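# After the sequence you'll find the predicted model.
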Amino acid sequence: VGAPLPDEVDVLIVGSGPAGLTLAAYLSGFPDIVTRVVERREGPLEKGQADGISCRSMEMFEAFGFADTVMRQGYWVNETVFWRPDPADPSHIARNGRVQDVEDGLSEMPHMILNQARVHDLYLDVMRRSPSRLVPDYGLTMTGLSVGEGEHPVEVTLERADGSPGTVRAKYVVGCDGARSSVRQAIGRKLVGEAANHAWGVMDVLAVTDFPDVRFKALIQSAGEGNILIIPREGGYLIRLYIEIDKLKEGERVAARGIDVSDLIAAAGRILKPYSFDVRHVVWWSVYEIGQRLTDKFDDVTEAGQVPRVFIAGDACHTHSPKAGQGMNVSMGDAFNLGWKLVSVLGGRMGPEVLHSYSEERRAVAQDLIDFDREWARIMSERPANASASGDPEMQRHFIEHGRYTAGMSVTYAPSVLIAGAEGQALAPGFDVGTRFHSAPVVRLADAKRMELGHVLRADARWRLFAFAPEGEAGLRRIVDLCRALEAPGGLIRRYPGPEVDSVFDLRAVFPADPHTMSPSALPGLLLPEKGRFGLVDYEKVFCALPEPEADIYALRGVSRMEGALVVVRPDQYVAGVMALEDVARLEGFFDKVMIGGT
Ligand code: FAD
């Protein structure tokens, strides 16, 4: 149990689903920011809901320190299979394709399946162990919200489980309160689009079947009985089945159809013919009704010059079908985009105007998701009655073509104060400006540890500057010159100081050299900073490319060996810019537009 809810907080998060917990876990790392999470449920989620974790979300989990736990506990989606009516007997299904689920080299992380409730637990664990010891306040429902004046301008009214009222004032409120969001309603935003006329039956079951692909993710289209998506689940036995239910009529609610789990089991049996499907135990089931909808803005700004005070994230701003497995991922992505911006503004490093970028960046992502989902829904619900089971059916083709999308890798933020233009991109084309930093392997100089460079990106609101040295003797000199410019009086690091030399900008260097030929003692002080109250030296900032051509980060990402490159990475792991090593003026100009309090 956490501390009692104070009268005033910096950030109030409403809802502890994947969006709310991602944001809470992020903010919990900053004990100077008073954060609270209110949740209507009486306790943590125990089972059910979403389960797909994209490669991109796994990269984000790595920044929170629990990707390895998910890899240990979850189901790995290695290959996906496709089944269609058997041309010889269309009343039976036959396998018609099998593809690798994630293309080689897309991410160092796998596509995983793990129960949403377990993902919640992992976040709750991060929060519990954080400097803030943050715990959600369960049994508290937000009932009203208004934005007034003062340092804590947002007033939120709450109701406890026993019906007693409460009030909290906050600097910022983030509505992570799901598809029926009260925060969204309070700020007058609406989900616009197709109403909830798609219904899905979903069940997590223990079953005995002779269907041979039951431990694969399987998309199954029958001739006349509908479609199933099978998602094998963690632990080796549990299976999730999504069964598409006929489109609802206008204004019809799925509840009125009285669909029961026995109907879902019977439908699964019909679709899977000629295979048997004997359900021995139902762990969880639900009929899940959803429309493809989106709000026009993800914050409360209605006039020019106004800065946002209330945000919405996750299902509160976009809803879509569960087919592409994006619900939890995009919701967490929203929160990860907002977390560091709130930390930077509340910590006085950036002005509140930067908060506009949250709605701008994430609404574009959600719009893509809705478009994708609409197309995917069309393809999946097409009746394949007369289709041949050979060839390259549209569903499989679409699945392959959009693999990058479903893995979460196609998010590209447009140029803005937080994303520099494409100038400099040619120095490292594989670190595409606006997209997430695509990790590659390196070896750490100090201890010869082979590791992923992207794993130095933590959820800690720091900017990363990756300085890739050019080849040859000039390499070290160019890095020394860069460090000298950054550390000079008035240089970037002194201009925007933090408690430690790397609290705001975490500089890391990579050399295209054999580590055995390099000595840490030749490195500039900025790459061996003394930190903490004992002044201990941080030896972990310098890396070398691996010698194997297929694992060489310069080759993999196209980094210029002649010129090197400086890759600027935002705290949410997105590449903000690629710059020439000596173009410190451009680097400073970029940050001068973003940061405040420059000295
Ligand atoms: P949610 O996970 O919906 O979390 C919102 C939280 O806010 C909830 O914990 C809720 O109790 C709380 N809350 C709401 N109103 C208030 C309030 N006024 N005050 C305080 N707290 C409040 N996706 C799939 O991919 N597959 C599925 O099978 C699937 N099944 C689902 C079944 C159900 C019943 C639901 C609700 C969703 C399901 N989803 C499924 C969707 C998926 O879970 C969401 O896309 C994902 O959870 C979105 O995360 P979120 O944090 O935005 O919202």
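Received, thanks. This structure is a prediction, so every number in the text was calculated from the model and none was measured.

# Which parts of the stretch 1-150 of the chain are strands?
Here the stretch 1-150 of the chain has its strands, by DSSP state E, counting those that start in this stretch, at 8-14, 35-39, 52-53, 75-76, 79-86, 89-100, 112-113, 137-138, 140-147.

# So for the ligand, which of the ones you listed sits nearest?
Proximity to the ligand (CB to the nearest ligand atom) singles out strand 140-147 among the strands of the stretch 1-150 of the chain, at 3.9 Å. For every residue, glycine as well, the C-beta is placed using N, CA and C.

# Next, the residue lying closest to Gly351 once chain neighbours are set aside: phi, psi?
Leaving out its chain neighbours, the residue that sits closest to Gly351 by CB to CB, 6 or more residues apart in numbering is Ile596, at 5.1 Å. Backbone dihedrals for Ile596, given as degrees, to the nearest 10, come out at phi -120, psi 170.

# measure Ile596 to the ligand for me?
To the ligand, Ile596 is 31 Å away according to CB to the nearest ligand atom, to the nearest Å.

# tell me, how many neighbours does that residue end up with?
By other CB atoms under 10 Å, 15 other residues sit near Ile596.

# okay, it: pLDDT?
Ile596 is assigned a pLDDT of 92 by the prediction.

# Output the strands of the stretch 1-150 of the chain as JSON lines; include the columns distance to Asp125.
As requested, these are arranged in JSON lines below (distance: least, CB to CB, whole Å):
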{"stretch": "strand 8-14", "distance to Asp125": "17"}
{"stretch": "strand 35-39", "distance to Asp125": "14"}
{"stretch": "strand 52-53", "distance to Asp125": "16"}
{"stretch": "strand 75-76", "distance to Asp125": "20"}
{"stretch": "strand 79-86", "distance to Asp125": "31"}
{"stretch": "strand 89-100", "distance to Asp125": "32"}
{"stretch": "strand 112-113", "distance to Asp125": "17"}
{"stretch": "strand 137-138", "distance to Asp125": "16"}
{"stretch": "strand 140-147", "distance to Asp125": "21"}
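
# any chance of these in CSV, plus mean neighbour count, distance to the ligand and mean pLDDT?
CSV is the format used below for the strands of the stretch 1-150 of the chain (neighbours: other CB atoms under 10 Å; distance: least, CB to the nearest ligand atom, whole Å; pLDDT from 0 to 100):
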stretch, mean neighbour count, distance to the ligand, mean pLDDT
strand 8-14, 24, 5, 98
strand 35-39, 25, 5, 98
strand 52-53, 26, 6, 96
strand 75-76, 18, 14, 97
strand 79-86, 21, 16, 95
strand 89-100, 16, 21, 95
strand 112-113, 22, 11, 96
strand 137-138, 18, 9, 96
strand 140-147, 17, 4, 97
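
# Out of these, flag the one nearest Leu21.
With CB to CB, the closest approach to Leu21 among the strands of the stretch 1-150 of the chain belongs to strand 35-39: 7.7 Å.

# What is that closest one packed up against?
strand 8-14, helix 18-28, strand 137-138, strand 140-147 (3 or more CB pairs under 8 Å, 6 or more residues apart in numbering; DSSP states H and E).

# Of all these, which one is nearest Leu523?
Among those, helix 18-28 comes nearest to Leu523, with 31.7 Å by CB to CB.

# Is the closest one in proximity to the ligand?
Yes. Against the ligand, helix 18-28 shows contacts by CB under 6 Å from any ligand atom at Pro18, Ala19, Gly20.

# what about the residue in the stretch 151-300 of the chain that the ligand sits nearest to, distance to Pro489?
Residue nearest to the ligand within the stretch 151-300 of the chain: Gly178 (2.9 Å; CB to the nearest ligand atom). To Pro489, Gly178 is 51 Å away according to CB to CB, to the nearest Å.

# got it, and Leu528?
Distance from Leu528 to Pro489, by CB to CB: 20 Å.

# Output the contacting helices and strands for the top helix by length along the chain.
For the chain, the helix that runs over the most residues, judged by DSSP state H, is helix 356-381. For helix 356-381, the packing partners by 3+ CB pairs under 8 Å, 6+ apart come out as strand 293-295, strand 318-319, helix 327-346, helix 394-401.

# Now tell me what touches the last one from outside.
Looking back up the chat, that one is helix 394-401. Residues outside helix 394-401 that contact it (CB atoms under 8 Å, 6 or more residues apart in numbering): 80, 82, 96-97, 99, 219, 221, 375-376, 379-380, 382, 406.

# can you rerun that using 7 Å?
With contact meaning CB atoms under 7 Å, 6 or more residues apart in numbering, helix 394-401 is reached by Thr80, Phe82, Gly97, Val99, Leu219, Trp376, Ile379, Met380.

# Of the helices and strands packed on strand 35-39, give the one that comes closest to Thr517.
Proximity to Thr517 (CB to CB) singles out helix 18-28 among the helices and strands packed on strand 35-39, at 40.1 Å.

# Sweet, I'm off.
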